[in-house]
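Enquirer: turn this into a structure:
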Amino acid sequence: MHKLTADQITYLTQLRHTLHRRPEISGEERATAARMVAELEELGADRIWQGLGGHGVAAEFRGAGDGPTVLLRCELDGLPIQEISDLPYRSEVAGKGHLCGHDGHMVSLLGVAMGLAKRPKRGRVILLFQPAEETGAGAQAVIDDPRWPEIRPDFAFAYHNVPGWPLGQVGLRDAVANCASRGLQINLEGKSSHAAAPEDGLSPGPAMADLMVALPALGEGQIGDDNFALSTLTHARLGEACFGIAPALGELRVTLRSMTNARMGVMISEAEAALTKSQGELQVRTSWHDVFHAVENDRAAMAVARRVLVDLGMDSQEMQAPMRWSEDFGRFGEDGAQAALLFIGSGIDQPQLHNPDYDFPDALVPVVTELWTALVADILGE
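Expert: Here you go, the predicted model:
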């Protein structure tokens, strides 16, 4: 079983800190991808694909005999959030930071690549460095790439670190592991008028007031129930910041979230009905953003993970409910892979994901590397 050496851990730690200093957000991961390519070439990958679905990178490590393809996925992108920390390797890019742990996810996979210097007995391993996970666009863009059929896996695995759990504790859940979500942007246009004669104009204000009540009311149930739904108002703007004009323009943004893709379809219909009811004579434009499907873990893939965790003696827990936050990894399962997303604790007292002072714990890298190499060995042989 491959375990990282002290020198390898030191190298990967330094590399993560380098990546942490220079975060690139979704769709802009050019330099990060180039660094991954250089590392994978140095580690002797048999084949490398570049520019997958944007700036995605995939590396193949082929076994001696024929067999299944196992894909391990990580993410390239950071977040458009200003980091606030005293770390010596804090972000050097204004307004951007690796505040979700994707820097740690990347070096975890490079740790796996170090172990793959000794190839599996059969099949092949694909290490995928995916772009644009934070917007929900990256996984589908990779799958839509015309070269994807050369890569398409039989099994696909990924993980996300979870603050508030003991370091290295693995969370397991069959079926739905992450909720579906999507952002709805609503732009309303009427006619401006003098504030002394609002009746001579057409203000979006009343319609916005109705929608600010109706849209959040679409939520119901508790996480873990198939009928769970959550609608969160995230932005509202009406007219200009002045006193003399009755407004013509308004904008609302709301995030819809559900336990299942089917429930999301119902929420979309309900939101559209609420909008039609409030529209009146206003001109209305709607658009959808950050579309994430629910992540549904495959039972056979989860059985492999459970078996490996027992063999390694790693701490694990069965999750009673999925994560409310979303992940685009579910697209690989929809594409036909036996796919599973695991959750691995990153520390009890760690700041929450997307907090401005979040930082991935370096101690988690060798833990994940050992788990992933054991999982590959279980499926493909040592």
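Enquirer: where's Gln82, which helix or strand?
Expert: Secondary structure assigned from DSSP states H and E places Gln82 in neither a helix nor a strand.
Enquirer: in space, what's closest to it - neighbours in sequence excluded?
Expert: Closest residue to Gln82 apart from its sequence neighbours, by CB to CB, 6 or more residues apart in numbering: Gly95 at 5.2 Å. Any C-beta I mention is one placed from the backbone N, CA and C, and that applies to glycine too.
Enquirer: burial measure for the one you found, as a count.
Expert: 12 (other CB atoms under 10 Å).
Enquirer: correct me, but it touches Ile81?
Expert: Yes. Under the criterion of CB atoms under 8 Å, Gly95 is in contact with Ile81, at a separation of 7.4 Å.
Enquirer: which residues does the spatially closest residue to Ile84 that is not a sequence neighbour contact?
Expert: Among residues not flanking Ile84 along the chain, Pro356 sits closest, at 4.1 Å (CB to CB, 6+ apart). Residues in contact with Pro356 (CB atoms under 8 Å, 6 or more residues apart in numbering) are 81-85, 97, 99.
Enquirer: repeat that for 7 Å
Expert: By CB atoms under 7 Å, 6 or more residues apart in numbering, Pro356 lies in contact with 81-84, 99.
Enquirer: most neighbours, which of the residues you listed?
Expert: Leu99 (28 neighbours).
Enquirer: how close does that one get to Leu252?
Expert: The gap separating Leu99 from Leu252 is 27 Å, by CB to CB, to the nearest Å.
Enquirer: what does Arg30 give?
Expert: Distance from Arg30 to Leu252, by CB to CB: 34 Å.
Enquirer: among the two, which residue is more densely surrounded?
Expert: Each of Arg30 and Leu252 has its neighbours counted (other CB under 10 Å); Leu252 has more, 23 against 14.
Enquirer: element containing the more buried one?
Expert: Going by DSSP H and E, Leu252 is in strand 249-258.
Enquirer: now swap in Leu127 and tell me
Expert: Going by DSSP H and E, Leu127 is part of strand 122-130.
Enquirer: what about the helices in the stretch 251-382 of the chain?
Expert: Along the stretch 251-382 of the chain, counting by DSSP state H, counting those that start in this stretch, helices occupy 261-279, 299-312, 330-334, 364-380.
Enquirer: what sits up against stretch 107-116?
Expert: 2, 4, 8, 12, 15-16, 39-40, 43, 45, 59, 61, 72, 74, 125, 127, 129, 365-366, 368-369, 372-373.
Enquirer: can you do 8 Å?
Expert: In contact with stretch 107-116 (CB under 8 Å, 6+ apart) are residues 2, 4, 8, 12-13, 15-16, 19, 36, 39-40, 43, 45, 59, 61, 72, 74, 125, 127, 129, 159, 364-366, 368-369, 372-373, 376.
Enquirer: mark which of those are buried, thanks.
Expert: 2, 4, 8, 12-13, 15-16, 19, 36, 39-40, 43, 45, 59, 61, 72, 74, 125, 127, 129, 159, 364-366, 368-369, 372-373, 376 (16 or more other CB atoms under 10 Å).
Enquirer: distance to Pro146 for the helices of the stretch 251-382 of the chain - can I get that in a markdown table?
Expert: Formatted as a markdown table, these follow (distance: least, CB to CB, whole Å):
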| stretch | distance to Pro146 |
| --- | --- |
| helix 261-279 | 26 |
| helix 299-312 | 26 |
| helix 330-334 | 17 |
| helix 364-380 | 27 |
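Enquirer: kindly reformat these as JSON lines containing mean pLDDT.
Expert: Output for the helices of the stretch 251-382 of the chain, formatted as JSON lines (pLDDT from 0 to 100):
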{"stretch": "helix 261-279", "mean pLDDT": "97"}
{"stretch": "helix 299-312", "mean pLDDT": "98"}
{"stretch": "helix 330-334", "mean pLDDT": "98"}
{"stretch": "helix 364-380", "mean pLDDT": "98"}
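Enquirer: tell me which of these approaches Gly345 most closely.
Expert: The minimum distance between Gly345 and the helices of the stretch 251-382 of the chain falls on helix 364-380, with 8.3 Å, by CB to CB.
Enquirer: so the closest one versus helix 299-312, what angle?
Expert: Helix 364-380 and helix 299-312 are oriented at 120 degrees to each other (axes from the mean of the first three to the mean of the last three CA atoms, to 10 degrees).
Enquirer: tell me the angle of helix 364-380 relative to strand 122-130?
Expert: Angle, helix 364-380 to strand 122-130, by the same axes, to 10 degrees: 140 degrees.
Enquirer: any idea how far helix 364-380 is from the middle of the chain?
Expert: 21 Å (CA atoms, centre = their mean, to the nearest Å).
Enquirer: what values do phi and psi take at Gly219?
Expert: Torsion angles at Gly219 (phi, psi; degrees, to the nearest 10) stand at phi -70, psi 150.
Enquirer: residues near it, how many?
Expert: 15.
Enquirer: same check on Val112?
Expert: Val112, neighbours per other CB under 10 Å, totals 25.
Enquirer: ditto for the one 5 residues further on
Expert: The local packing of Ala117 (other CB under 10 Å) involves 10 other residues.
Enquirer: for Lys3, same thing?
Expert: Residue neighbour count, defined by other CB under 10 Å, stands at 12 for Lys3.
Enquirer: list the contacts of it.
Expert: Counting by CB under 8 Å, 6+ apart, Lys3 touches 366, 369-370.
Enquirer: so it, which state does it fall into?
Expert: coil (DSSP: H, G, I helix; E, B strand; the rest coil).
Enquirer: measure Pro356 to Gly224 for me?
Expert: Where Gly224 is concerned, Pro356 sits at a distance of 30 Å (CB to CB).
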